[in-house]
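Asker: pasted the sequence and its predicted model underneath.
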Amino acid sequence: MSKVTASAPGKLMLFGEHAVVYGYPCLVTAVDMRVWVSVVLQKEPQIDLDVSIASREYTVPLRMLSEAEPSFPGDISFVMAVVQRIFRQFNLKTGLKISSEGPTDSYGLGSSSSVTVATATALNQLLDLNLSKSELFSICYGAVLDVQGKASGYDVAAAIYGGTLYYAKHGQTIRRLTVDKLPIMIGYSGNKVQTVQYVNQVYQLRQQQPELVNHIFDLIRRIVDLAHAAIIEQKWHEVGQLVNISQGLLDSLGVNTLSLTTIILAARAEGALGAKLSGAGGGDCMFAVCDEADLSSIGSAIERVGSKRVDLETNVSGVRIE
Ligand code: MEV
């Protein structure tokens with residue numbers, strides 16, 4: 001068979017970050033920041049990779065895939081982790097060429113989950129594996145865990161199913177919300193250290209203050225449930241309030257930064273209904289919920305404090321064969 005290409009979207013965490021790592025629910029929307037992965041068979045017993053997130057091209061001999069714990073360079077770790085899982089599950093021994101294209105800067109909006117899901121989906125098609133979406137989810141989530149150690153899997157679900165999702169219990173519950181576009185403006189506060197470092201920091205805090213952190217997680221769960229209903233009913237004022245309360249709780253978990261706070265307060269001062277960080281914290285993105293008419297002035301307020309306004313469509317479709 002000739003070349004197969006799949007593309008998968010990025011994600012914006014709306015509510016529930018950190019708590020979701022412990023099985024609590026979250027809400028996430030897929031964003032129009034797609035990664036394209038192409039796969040083609042080759043005779044050489046190796047995998048050639050030319051992926052946009054890597055600094056150079058790589059060749060991996062097939063025999064490495066049967067090593068117990070092969071170590072792949074960081075920039076190809078997600079692609080190779082998912083290839084390895086699929087090769088082992090189906091006892092495959094075929095050479096491949098894998099290439100990918102995507103944004104040079106993904107602002108922490110999910111390039112690793114997108115590339116993992118697009119790779120698995122392209123292989124599913126190329127090799128006629130007949131994997132269902134939920135089987136793809138298990139394989140891709142497993143691959144992300146192989147690389148990161150700890151992760152909730154919500155970003156993998158967003159890349160596979162697209163839309164806006166209620167996600168809980170490490171993927172045992174995935175429900176799509178009936179919504180159209182979300183009135184959201186995204187701002188980028190700058191780079192951060194690895195997500196896993198912030199996940200570990202919250203883990204430590206929970207070890208030290210289990211009662212308090214569990215109460216915070218219970219509040220986050222309640223907010224997710226209220227926001228779920230408010231989003232479906234398009235009650236954006238209420239969604240904004242819940243966004244602001246969430247930001248306070250995330251601050252109490254110690255994952256906020258000065259630059260995130262600066263943009264969040266600038267967006268609120270400009271009339272946003274609510275603004276919060278999105279994801280692990282420590283940098284990357286925030287978003288503001290606003291009246292449709294205020295989107296552009298809130299985008300300008302984000303730029304005035306020296307941050308990048310990121311214009312992206314939300315609630316977009318999940319992985320697809322191109
Ligand atoms: C990071 O995007 C969101 C976290 O909840 C981690 C995860 O869910 O895997 C901090």
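Answerer: Great, that's in hand. Just so we're clear, the structure is a prediction, and the values are computed from it rather than from any experiment.
Asker: who in the stretch 51-200 of the chain is up against the ligand?
Answerer: 151, 152, 154, 195, 199 (Cβ under 6 Å from any ligand atom). To be clear about C-beta, it is placed using only N, CA and C from the backbone, and glycine gets the same treatment.
Asker: if I look at the first one, how far off is residue 139?
Answerer: According to Cβ to Cβ, to the nearest Å, residue 151 and residue 139 sit 14 Å apart.
Asker: try residue 262
Answerer: Distance of residue 262 to residue 139, computed by Cβ to Cβ: 40 Å.
Asker: tell me which of those two has more neighbours.
Answerer: Neighbour totals were compared for residue 262 and residue 139, and residue 139 leads with 21 against 17 (other Cβ atoms under 10 Å).
Asker: I'd say the more buried one and residue 83 touch.
Answerer: No - at 10.3 Å, residue 139 does not count as touching residue 83 under the criterion of Cβ atoms under 8 Å.
Asker: check which helix or strand covers residue 122.
Answerer: helix 111-126 (DSSP states H and E).
Asker: again but with residue 108, I slipped
Answerer: Applying DSSP H and E, one finds residue 108 in no helix or strand.
Asker: identify, by residue count, the longest strand of this protein.
Answerer: strand 26-42 (DSSP state E).
Asker: got the angle for the helix or strand just after that one vs helix 111-126?
Answerer: Next along the chain after strand 26-42, taking DSSP H and E as the criterion, comes strand 46-50. On the basis of axes from the mean of the first three to the mean of the last three Cα atoms, to 10 degrees, strand 46-50 is oriented at 130 degrees to helix 111-126.
Asker: can you list contacts of strand 46-50?
Answerer: By Cβ atoms under 8 Å, 6 or more residues apart in numbering, the residues outside strand 46-50 that reach it are 42, 57-62, 76, 79-80, 83, 95-100.
Asker: and if you look at stretch 300-313?
Answerer: 10, 12, 31-33, 107, 109, 181, 185-190, 259, 262-263, 266-267, 269-270, 285, 288, 299.
Asker: and those, which of them are in helices?
Answerer: 259, 262, 263, 266, 267, 269, 299 (DSSP state H).
Asker: model confidence for the residue sitting furthest away from the middle of the chain, exactly?
Answerer: Using Cα atoms, centre = their mean, the residue of the chain lying farthest from its centre is residue 43. It sits 34.3 Å away. Model confidence at residue 43, expressed as pLDDT, equals 94.
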